[in-house]
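1. For reference, the sequence and a predicted model appear below.
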Amino acid sequence: MPRILIPTEAPGGLDAPVSQHFGRAETFTIVDVEDGKIVHVEVVDNRGMHFGGGGRAVQVALSVGADIVISRGLGIRALFFLKNMGITVLTGNFNTVREAISAYLRGDLRSMEEEDVCMGGHHRSGFCDRGFPPFPY
């Protein structure tokens, strides 16, 4: 049963918007799926400092036992740490947690790679400048 962590805007949950950037998310929605169905949902706060590589978001993923992170954007350090800890990082086209989970269950997400990471543009504009406009789009 994979445990999936998704960075979300408050208050989190299945219908919450997915945050534009992993480390700057207000909350993380954790979804357990089994046999193609959602069996458990919980929300945890992100009280970390993103700038300067505080690492809180990665710590949350590890502490809740996430197997998978689904994100619209994250930095190279977070991608490196997550992958090196054995956590799969996926991305795709979705707006809400429910849409992201549905895309995962359909096999419509792809592995996030180095060329997909945020390169600092989110610091100026409030979102990750990877070609995705701010939510909603």
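-> Good, I have the coordinates.

2. C-alpha only now, for contacts and for neighbours.
-> Will do.

3. Got phi/psi on the most centrally placed residue in the chain?
-> The centroid of the chain falls nearest to residue 71 when counting by CA atoms, centre = their mean (3.1 Å). In terms of degrees, to the nearest 10, the main-chain angles of residue 71 are phi -140, psi 150.

4. Cross-check the contact I'm expecting between it and residue 91.
-> Yes - taking contacts as CA atoms under 8 Å, residue 71 lies within contact range of residue 91: 5.4 Å.

5. quick one: contacts for the residue nearest to the centre of the chain?
-> 6-7, 18-22, 89-92 (CA atoms under 8 Å, 6 or more residues apart in numbering).

6. same thing but 7 Å
-> Contact analysis of residue 71 by CA atoms under 7 Å, 6 or more residues apart in numbering lists 6-7, 22, 90-91.

7. what pLDDT does it get?
-> Looking at residue 71, its pLDDT is 95.

8. mind checking how far it is from residue 106?
-> As judged by CA to CA, to the nearest Å, residue 71 and residue 106 stand 16 Å apart.
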